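Student: pasting the structure only:
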C-alpha cells in the first residue's frame, strides 16, 4: 500500500463531530498498552502521526486519520486501563459503543492484541462485542519481534482459542520496531475498503 498523504482531520467525542464526507473507515481498537498508536504509525510510514505515549490511556477521543484522501483509519480509545476512574472508563466505553453501533461508513474493526500474552477478559469481551456487530474478521497481533519464530504458532493458537475465532477470521502480525508485517496487514484490510493499492 502506497501512502501518499496521511493527516489527522478530527478528534471526536460525539457523533456530530465525525467526518461527514461518506468515505469508508477501518477502525482499530485495543487495550491501552498494546501498541495501537505505534501500529498505526508503522502502517502509515509516519513516526508520530498517532501520538505514542509512555503512559497508557492517553487516547481519549476517536481520532480520524484521512489517508490518500480516499479512506479513514480510525483510532479508538484504549480500553482496560486500571488507573482511569470508573466514570471516565464508562464515558469512553459509551463513546466507542456509539461509534461502532451507529457508523454507516465503518467497514471493519481491527482488534489489536499483544502476541506475547493470552488475550485478557477485556479483549475477549471486546471481540465478542465486535462479532455481535459483524466486525472482528481481522485481529492484529503486535510486538512480533518479541517472540521467537519457533514460538509464533503456539502464540497464534492461544490467541485464536482464547478469542474463539472462527476459521474465516485471520490473525496478522506486525513489528513496529522492525517494520515487518506491514504489507500483510494492508493486504488483510484493503478488501474491506474496496479501493486499489
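Tutor: Cool, got the structure. Everything numeric here is computed off the predicted structure, so don't read it as measured data.
Student: Provide a complete list of residue ranges assigned to strands in this protein.
Tutor: When assigned using DSSP state E, the strands of the chain occupy the ranges 6-12, 25-30, 62-67, 71-75, 106-114, 138-142, 170-173.
Student: what's the closest of those to residue 46?
Tutor: Taking Cβ to Cβ as the measure, these were each checked against residue 46, and strand 6-12 came out nearest at 6.0 Å. (Each C-beta comes from the backbone N, C-alpha and C, glycine too.)
Student: looking just at contacts, which helices and strands does the closest one meet?
Tutor: Taking 3 or more Cβ pairs under 8 Å, 6 or more residues apart in numbering; DSSP states H and E as the contact definition, the neighbouring helices and strands of strand 6-12 are strand 62-67.
Student: got a list of contacts for the strand it packs on?
Tutor: Strand 62-67 is touched from outside by 3, 5-13, 18-19, 23, 25, 40, 44, 49-50, 72-77, 95-96, 99, with contacts defined as Cβ atoms under 8 Å, 6 or more residues apart in numbering.
Student: So for residue 164, which of the strands of the chain sits nearest?
Tutor: Residue 164 lies closest to strand 138-142 among the strands of the chain, at 11.6 Å (Cβ to Cβ).
Student: so who does the spatially most central residue of the chain touch?
Tutor: Taking Cα atoms, centre = their mean as the criterion, residue 28 is the residue nearest the geometric centre of the chain, at 2.0 Å. Residue 28 is in contact with 36, 39-40, 73-76, 109-110, 112, 140, counting by Cβ under 8 Å, 6+ apart.
Student: Thanks again, I'm all set now.
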